[in-house]
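In: show me the folded form of this:
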Amino acid sequence: MTGQKEQLIGYIIEMEEDEALALTRQMLEAGYDPLELLAHCREAMDEVGRRFETQEYFLPELMMAGEMLSQIGDMTKPLITASQDEGEEQSHGTIVIGTVHGDLHDIGKDIVTFMLEINGFKVVDLGIDVSVSHFIDAIKQNEPSVVGLSGFLTLAFDSMKETIQAIEQEGLRDNCKIMIGGGQVDESIKEHTGADAFGSNAMDALNLCREWMGVAA
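Out: Numbers count the residues shown, from 1 in each chain. From the prediction side, this is the model:
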């Protein structure tokens, strides 16, 4: 099994999509623990993220990795659901996430969502071009500990600010932390929007949620 683990991690890191998906299917059909398999994916994604940070990889590689993870997730999640009674599922807490209105990019958001889910968080993904009112409704309905606002385009920064101001006006800000991410997001954008923190990548987002929700790495 160790050999398969290293093989799968290697396939994902090296962007060998067909091989990674075929091996995933083979491992699951042979009874491999889907949660353990997702943990291997997390290891691979850590390395992909590291290569992106050091500019060995760029956006196309991140997009391909995100697509691979999405397909692997589609294969594993039904097995995980089938093996657990809903009432027994353990979650570190709830996170509401979405790409703000005016922006249609979802690659980064999808990778963050996947990373959070395989690390035991419940994620309510609102999708792309999410209106302020949709965020407000989702926060009221789900009472998340963390809200994640994603945006790749510069126009998204004002949408993030508008959304955060609305959350404050609705009296919901004291009950949750707000993180932002995507594109050119940095400390100055964090200050502009009024968010609590920003993440440069999926690992940053994961670590913020762990810190805020008191979850050990």
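In: domain parsing for this protein?
Out: Domain assignment for the chain by automatic domain parsing gives 2-88, 94-213.
In: which of these is buried the deepest?
Out: domain 94-213 (a mean of 19; mean count of other C-beta atoms under 10 Å). Quick note: C-beta positions are derived from backbone N, CA and C, even for glycine.
In: now do the helices in the chain.
Out: 2-13, 17-29, 34-53, 59-83, 107-118, 132-142, 156-169, 187-193, 202-213 (DSSP state H).
In: lowest-confidence stretch among the domains of the chain?
Out: The stretch with the lowest mean pLDDT among the domains of the chain is domain 2-88, at a mean of 85.
In: chain center to that one: distance?
Out: Relative to its parent chain, domain 2-88 has a centroid offset of 14 Å by C-alpha atoms, centre = their mean, to the nearest Å.
In: and for stretch 189-197?
Out: That offset, for stretch 189-197, works out to 19 Å (C-alpha atoms, centre = their mean).
In: endpoints of that stretch, how far apart?
Out: 10 Å (C-alpha to C-alpha, to the nearest Å).
In: which residues touch it?
Out: 149, 157, 160-161, 164-165, 168, 177-180, 198, 208 (C-beta atoms under 8 Å, 6 or more residues apart in numbering).
In: ok, the nearest residue to Leu153 once chain neighbours are set aside to Thr54 distance?
Out: Distances taken as C-beta to C-beta, 6 or more residues apart in numbering place Asp103 nearest to Leu153, at 5.1 Å, with adjacent residues excluded. Plainly put, Asp103 is 27 Å away from Thr54 if you go by C-beta to C-beta, to the nearest Å.
In: cool, and Gly199?
Out: Taken as C-beta to C-beta, the span from Gly199 to Thr54 is 17 Å.
In: so Glu67 makes contact with Glu17?
Out: Yes: Glu67 lies in contact with Glu17 (C-beta atoms under 8 Å); the separation is 7.3 Å.
In: quick check: neighbours shared by the two?
Out: With C-beta under 8 Å, 6+ apart, Glu67 and Glu17 have no common neighbours.
In: how far away is Pro78 from Val215?
Out: 25 Å.
In: can you check Gly199 too?
Out: 16 Å.
In: quick one, what contacts the closest residue to Leu23 other than its chain neighbours?
Out: Once flanking residues are discounted, Leu23 sits nearest to Leu8: 5.3 Å by C-beta to C-beta, 6+ apart. By C-beta under 8 Å, 6+ apart, the contact set of Leu8 is 20, 23-24, 27, 37, 40-41, 44.
In: now swap in Met179 and tell me
Out: 146-149, 195-199, 205, 208-209.
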